[in-house]
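Visitor: Show me the folded form of this:
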Amino acid sequence: MSATSGEYAINLHHVEKIYRGKVHALRGITMQVHRGEIFGLLGPNGAGKSTLVKIMMTVVRPTRVDGTMLGQPIGHKPTLARVGYLPEHHRFPRYLTGRQVLDFYAGLAKVDRQTRRKRADEFLKLVGMTEWAGKKISTYSKGMMQRIGLAQALMNDPDLVVLDEPTDGVDPVGRREIRDMLLTLREQGKTIFLNSHLLSELEMVCDRVAILVQGSVAMQGTIDELTADSRRYEVVIEGDAPQWIGQDDSIRAETMPDNGRCKLVMRSNAVSQVQPLIDRLRSEQRVICCVQPVRETLEDLFMRAVKDPNTGRERGVGARRD
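Guide: Alright, predicted model coming up:
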């Protein structure tokens, strides 16, 4: 997918970070995030995910960085005012109420008082914290802190929302609500950059993903693009595999001993090629239990990316910091 620089919300090149002691956290990252999409960043602990996010937000000084965010060079202060940010392990003053937190951080972003009040009501409702708005942060659970953090990240009406582990500590109901909220934000034209270790969450909402391994981008693209080679059809039948299956290299049989069935796996994902197989099985009076398209999951992609192709073992992390 090609795009001009104006179509990128984030366009990074040659991002490097070397900590004291020659610890290489990032090794020349190149990454593009299109405007109006949800982009997922994933990788094992120590891969450099949070370091990359902090460089984008000017929390960490890079060894080298080329590229833009919302069309301006990384670190451009007026542009940062158009970005909403939820850091990992964020801390709010415990003596403030949830509403006061939103008002305080929106004030820092130079949002006027009337607009702050209006948006606070809107986003407290959006994250399900209206009833707790007047309670002090010290009384909040971790999941409630995350919800307030998300609301805080939206108070300046950002074009780009950067979320570092936004569902950490949130229960399943809350995670679903956050997913729905992210989809709503995308419909409003906002770009979401999402760093999370919950692969199932990313798979459900992300338009594209990048996998970091040892400070480098191992894979980047849509899930459909990254799993194209793994797509296939599986046909499950009663009994043993037909003898003629072994004559066709495009089909293999896998016994399912627990239920007396057999799985026929086609290396092709074309419906036109699986249809003749179904017709032949039916002509032989075979009982067909199911026919389903199959592809790698995001978890499968992740494991493939982090494993050394030579040894099959997980590759070591790239740095002592993530």
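
Visitor: I figured residue 265 hits residue 236, correct?
Guide: No: the criterion here is C-beta atoms under 8 Å, and residue 265 misses it with residue 236 at 10.0 Å. Quick note: C-beta positions are derived from backbone N, CA and C, even for glycine.

Visitor: Might you list the low-confidence residue ranges for the stretch 1-150 of the chain?
Guide: Counting by pLDDT under 70, the stretch 1-150 of the chain contains low-confidence residues at 1-5.

Visitor: For residue 140, give me its contacts.
Guide: Applying C-beta atoms under 8 Å, 6 or more residues apart in numbering, one finds that residue 140 lies in contact with 98, 132, 148.

Visitor: cool, residue 77 as well?
Guide: With contacts defined as C-beta under 8 Å, 6+ apart, residue 77 has no neighbours.

Visitor: how close does it get to residue 9?
Guide: 17 Å (C-beta to C-beta, to the nearest Å).

Visitor: cool, residue 60 as well?
Guide: Relative to residue 9, residue 60 is positioned 20 Å away (criterion: C-beta to C-beta).

Visitor: Looking at those two, which is more packed in?
Guide: Looking at residue 60 and residue 9 with other C-beta atoms under 10 Å, you find the greater number of neighbours at residue 9, namely 23 against 17.

Visitor: element containing the residue nearest the centre of the chain, please.
Guide: For the chain, the residue whose C-alpha lies nearest the mean C-alpha position (C-alpha atoms, centre = their mean) is residue 40; its distance is 2.6 Å. Remark: residue 40 resides in strand 38-42, with elements defined by DSSP states H and E.

Visitor: Which elements pack onto that strand?
Guide: The criterion is 3 or more C-beta pairs under 8 Å, 6 or more residues apart in numbering; DSSP states H and E, and the helices and strands that strand 38-42 contacts are helix 49-56, helix 172-187, strand 191-195, helix 199-205, strand 208-213.

Visitor: May I see the buried residues of stretch 187-197?
Guide: Taking 16 or more other C-beta atoms under 10 Å as the neighbour-count basis, stretch 187-197 is seen to contain the buried residues 190, 191, 192, 193, 194, 195, 196, 197.

Visitor: Now that we have those, can you turn them into CSV and tack on pLDDT and distance to residue 48?
Guide: As requested, the buried residues of stretch 187-197 are arranged in CSV below (pLDDT from 0 to 100; distance: C-beta to C-beta, whole Å):
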residue, pLDDT, distance to residue 48
190, 95, 25
191, 97, 21
192, 97, 20
193, 97, 15
194, 94, 16
195, 90, 11
196, 84, 15
197, 79, 14
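
Visitor: okay if I get those residues as a markdown table plus distance to residue 34?
Guide: Conversion of the buried residues of stretch 187-197 to a markdown table gives the following (distance: C-beta to C-beta, whole Å):
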| residue | distance to residue 34 |
| --- | --- |
| 190 | 12 |
| 191 | 8 |
| 192 | 11 |
| 193 | 11 |
| 194 | 14 |
| 195 | 17 |
| 196 | 19 |
| 197 | 23 |
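
Visitor: Could you single out the nearest of those to residue 46?
Guide: residue 197 (11.9 Å; C-beta to C-beta).

Visitor: Quick check: which element contains the closest one?
Guide: Under DSSP H and E, no helix or strand contains residue 197.

Visitor: one step back: now intersect the contacts of residue 140 with the helices, please.
Guide: The members of those that map onto helices under DSSP state H are 98, 148.

Visitor: Let me have the contacts of residue 140 in TSV, adding neighbour count and distance to residue 19 as columns.
Guide: Compiled in TSV, those are given as follows (neighbours: other C-beta atoms under 10 Å; distance: C-beta to C-beta, whole Å):
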residue	neighbour count	distance to residue 19
98	28	36
132	19	39
148	27	32
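
Visitor: and which of the contacts of residue 140 is nearest residue 173?
Guide: The shortest approach to residue 173 among the contacts of residue 140 belongs to residue 132, at 15.3 Å (C-beta to C-beta).
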